[in-house]
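**Student:** Got a sequence here, can you build the structure:
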Amino acid sequence: MADRVHVAFFTDFHPATLGGVQTAMRALCDDLRGRGHRVTVFCPPAPGSTVADPDTVILAAMPGLAMSNGLPVVLPTRANRRLIDAAFAERGQIDIVHSLTTYGCGISGVRAARRHDIPIVQTMQSRDDTVIEKYSPVPYLAALTMRLLHGWFVPLRRQPAYAGDGRVARLAWRPLIAQAQASDRVIVPTRHFARRLAARGVDRPIHVVSNGIEDALLDRLRDAGDPTTNTGAPLRALWCGRLSAEKRPLEAIEVARLVEDCTLDIYGSGPLADRTRAAVADASLNHRVHLHGVVDQADCLAAMRDHDLLLLTSDCDTQGMVLLEAVAMGLPVVYCDPELSETVPDAGGVRALDPSVRSLATTLTALAQDRARLPAMRKALAAHADEPRQSRHTTDIVSVYAAALTAPKQTSGDRT
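**Tutor:** Just a heads-up that it's a prediction; the model follows:
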């Protein structure tokens, strides 16, 4: 592998938009560029106006269509194919295609890599099967539609072998498996997700590489001093994320209602913003639950310094950027998804017995009544504070690129 490579990232989220995937992508792109690599990002337009970036190629979105998070939808149309091919021709040699999503732009990345005979690396970190089963209004129809649309562009010739999935889950897994099988290398942020893919027949090399946080940002925030626990005030809980059903912000508000000796600060926006405001008002919780709206990553990390714990109500994250941010800032975590125990350091958090509001409230109440546990949890997290640094993970990503570049080339038939 050459000392410097040109990487084409394909993502269904514009880098200027907010979200965990976007935050992780920006940290990786910046660190790669800081090491002398060249990065070009292919993505949808951002809602509203953004400053033009010469290293970002905007693909054409479908008029009137939006994803569940409100962001534009890109399909692998002929027009986008011509746009991508022209950009490849104009920008010189592209060494690696790295697809970060499995939707329209991610599919376009797979197809572009095939056309130009370039190795492709696929990052997989979406638990679509769980999200669709639990939170789609019409799970079967949603899973079937995704499977048919994805299969039209990236066919999967082999049936998933995992017998533990129900009808909806099998359909939801098909696009993920097909995207992985169409790639040369697969990157996942956690071991548990790697096991899930392998169990369902993915036989491409799977590399476990965590997402990361920009080093300079962490250094700047840590210079402000260490966080403290105020044992005389109400327990200060923080919730951060997209206000959408799978993140469960309404459940977080209900948890706060049941734990009287507790305040809750909610950071983020999304399709449930109106319902979130109404839930706070209906429960007469304006004095204890505060909605801060959209904030950038620096503001979120700074807020973590002034809270006692992170309340993580999501039960379908693969890793969760907010979880990495809490670890980096030494903020104890209350969570409910057993899969996240891989990311929460031992003794750095408390997992509720189950995802129910009642169970989370019981866990939070116990901490509110015994604040002495919090300093010990912070101390446990301190030993892991540098693990989310992006610099620790970029080297591993570059090693995956090197492996993809030096491996024997597969034919298109081998990839499906």
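
**Student:** Does residue 43 touch residue 8 like I think?
**Tutor:** No. In this structure residue 43 lies outside contact range of residue 8 using Cβ atoms under 8 Å: 11.0 Å. In this view, the C-beta of every residue, glycine as well, is placed from N, C-alpha and C.

**Student:** where are the low-confidence patches of the stretch 201-350 of the chain?
**Tutor:** Flagging of the stretch 201-350 of the chain using pLDDT under 70 yields the residue ranges 224-231.

**Student:** need the helices for it, in chain order.
**Tutor:** In chain order, the stretch 201-350 of the chain shows helices spanning 215-222, 249-258, 273-282, 297-304, 321-329, with DSSP state H, counting those that start in this stretch as the criterion.

**Student:** And these: which comes nearest residue 290?
**Tutor:** For the helices of the stretch 201-350 of the chain, proximity to residue 290 was assessed by Cβ to Cβ; helix 273-282 is nearest, at 8.5 Å.

**Student:** which strands and helices sit next to that closest one?
**Tutor:** helix 249-258, strand 289-293 (3 or more Cβ pairs under 8 Å, 6 or more residues apart in numbering; DSSP states H and E).

**Student:** Need the winner for burial among those.
**Tutor:** helix 249-258 (a mean of 22; mean count of other Cβ atoms under 10 Å).

**Student:** Could you quantify the relative orientation of that helix and helix 273-282 as an angle?
**Tutor:** 10 degrees (axes from the mean of the first three to the mean of the last three Cα atoms, to 10 degrees).

**Student:** and helix 249-258, C-alpha only, in CSV?
**Tutor:** Listed in CSV are the C-alpha atoms of helix 249-258, where the atom choice follows Å, rounded to 0.1, in the frame of the first residue of the first chain:
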residue,chain,number,x,y,z
PRO,A,249,-36.9,10.1,24.6
LEU,A,250,-40.5,9.9,25.8
GLU,A,251,-39.6,6.9,28.0
ALA,A,252,-36.7,9.0,29.4
ILE,A,253,-39.2,11.7,30.5
GLU,A,254,-41.4,9.1,32.1
VAL,A,255,-38.4,7.8,34.0
ALA,A,256,-37.6,11.3,35.3
ARG,A,257,-41.3,11.6,36.4
LEU,A,258,-40.9,8.5,38.6
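
**Student:** I figured residue 27 was touching residue 218, is that so?
**Tutor:** No. Residue 27 is not in contact with residue 218 according to Cβ under 8 Å; the separation is 10.2 Å.

**Student:** higher neighbour count, these two?
**Tutor:** Higher neighbour count among residue 27 and residue 218: residue 27, with 24 against 20, using other Cβ atoms under 10 Å.

**Student:** ok, residues contacting the helix or strand hosting residue 143?
**Tutor:** Per DSSP states H and E, residue 143 falls inside helix 139-153. The list of residues contacting helix 139-153 from outside it, by Cβ atoms under 8 Å, 6 or more residues apart in numbering, reads 76, 102, 107, 110-111, 128-129, 132-133, 136, 167-169, 171-172, 174-175, 178-179.

**Student:** what do you get for stretch 390-397?
**Tutor:** By Cβ under 8 Å, 6+ apart, the list of residues contacting stretch 390-397 reads 27-28, 30-32, 35, 187, 207, 209-215, 386.

**Student:** how about it: buried residues?
**Tutor:** 390, 391, 393, 394, 397 (16 or more other Cβ atoms under 10 Å).

**Student:** And the first one, how far from residue 322?
**Tutor:** This points to residue 390. Applying Cβ to Cβ, to the nearest Å, one obtains 16 Å for the distance of residue 390 from residue 322.

**Student:** can you check residue 39 too?
**Tutor:** According to Cβ to Cβ, residue 39 and residue 322 sit 25 Å apart.

**Student:** So those two - more neighbours on which side?
**Tutor:** Neighbour tally, residue 39 and residue 322, criterion other Cβ under 10 Å: the higher count belongs to residue 322, 27 against 19.

**Student:** quick one: contacts for the more buried one?
**Tutor:** Applying Cβ under 8 Å, 6+ apart, one finds that residue 322 lies in contact with 20, 240, 241, 300, 310, 312.

**Student:** got it, and residue 101?
**Tutor:** When contacts are counted by Cβ under 8 Å, 6+ apart, residue 101 is found next to 10, 11, 12, 13, 21, 123, 126.
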